[in-house]
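**Q** give me coordinates for this.
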Amino acid sequence: METSEPTPAILKKIQALAKIAADLRQGKNYNITRLTLIKSLCADPDAAAKFALHIAKLAQRQFKARRPGDTKSAKSQQYGQLIAAAVPVMTGYLKSPTEKAESMLWELYERAKEAQNKVEHQQWADVRIIECWELLIVEKAMECMLHPMHASIIGYQVARKWAEKYDPHFGTGLIPKSAPMVEEIAEFWGRHYLGRGWKKKLGA
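**A** Here you go, the predicted model:
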């Protein structure tokens with residue numbers, strides 16, 4: 001992974017991510033807002049786009065790892081096909097952001113939104129019904145690429161949707177189940193700025 005010269009503030013944030021992941025492994029839990037530090041890491045739209053693609057690939061891997069019975073329905077197959085189509089288009093757009101590549105990315109983004117467009121009118125608000133969380137993550141990752149001016153906020157949303165989990169004992173947020181996801185986030189940013197062996201360089 002390409003490296004960029006990190007500032008002390010960036011190094012501190014990567015250290016914070018690594019510590020959160022380690023704490024989660026030890027059974028601790030945090031409010032999801034602890035991930036807001038991602039916003040500053042995603043302030044560079046190019047870095048944010050690379051991060052979004054990385055998380056999209058992880059979501060695709062997670063979808064593929066589902067039990068066969070979970071992916072046999074027509075809807076699940078549709079979700080899987082959209083994810084499988086989106087990742088290479090995102091990869092191509094990142095390498096060569098041509099008008100054609102951007103058009104393809106917009107088309108897939110709209111198709112991903114349309115695939116899960118059901119809204120329920122509940123007492124306090126309209127709630128979008130999500131059946132495939134992995135597709136939602138990929139949708140957000142595409143949005144991050146397509147809206148570079150808002151990459152900071154959308155990059156955080158991508159990280160949040162990837163890492164946030166629920167457990168009756170802990171509630172919703174960064175909980176022990178989130179540890180592998182936060183580790184993946186820290187791994188990306190560590191390698192992005194420090195390359196291989198980033199933990200040793202960082203002292204994490």
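
**Q** in a strand, that's where His169 is, yeah?
**A** No. Secondary structure of His169 (DSSP: H, G, I helix; E, B strand; the rest coil): coil, not part of a strand.

**Q** now the phi/psi pair for it, please.
**A** Note on His169: its backbone torsions stand at phi -70, psi -40 [degrees, to the nearest 10].

**Q** so who does it touch?
**A** With contact set as Cβ atoms under 8 Å, 6 or more residues apart in numbering, His169 has no partners. Yep, even glycine has a C-beta here, placed from its N, CA and C like the rest.

**Q** what of Asp167?
**A** By Cβ under 8 Å, 6+ apart, the contact list for Asp167 reads 175-177.

**Q** could you dump those residues into TSV and include neighbour count, distance to Val89 and pLDDT?
**A** Shown next, in TSV, are these (neighbours: other Cβ atoms under 10 Å; distance: Cβ to Cβ, whole Å; pLDDT from 0 to 100):
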residue	neighbour count	distance to Val89	pLDDT
Ile175	21	33	96
Pro176	17	34	96
Lys177	15	30	96
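
**Q** mind listing the strands for this protein?
**A** Ranges of strands in the chain, per DSSP state E, are 119-121, 126-128, 165-167, 171-173.

**Q** among those, which is nearest Glu5?
**A** Of all those, it is strand 171-173 that lies closest to Glu5, at 33.1 Å by Cβ to Cβ.

**Q** can you list contacts of the closest one?
**A** In contact with strand 171-173 (Cβ under 8 Å, 6+ apart) are residues 29-32, 164-166.

**Q** for the residues you listed, give me a markdown table that also has pLDDT, distance to Arg66 and neighbour count.
**A** Listed next are these as a markdown table, based on pLDDT from 0 to 100; distance: Cβ to Cβ, whole Å; neighbours: other Cβ atoms under 10 Å:
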| residue | pLDDT | distance to Arg66 | neighbour count |
| --- | --- | --- | --- |
| Asn29 | 95 | 25 | 19 |
| Tyr30 | 96 | 27 | 16 |
| Asn31 | 95 | 29 | 11 |
| Ile32 | 95 | 24 | 17 |
| Glu164 | 96 | 19 | 17 |
| Lys165 | 96 | 16 | 19 |
| Tyr166 | 93 | 18 | 10 |
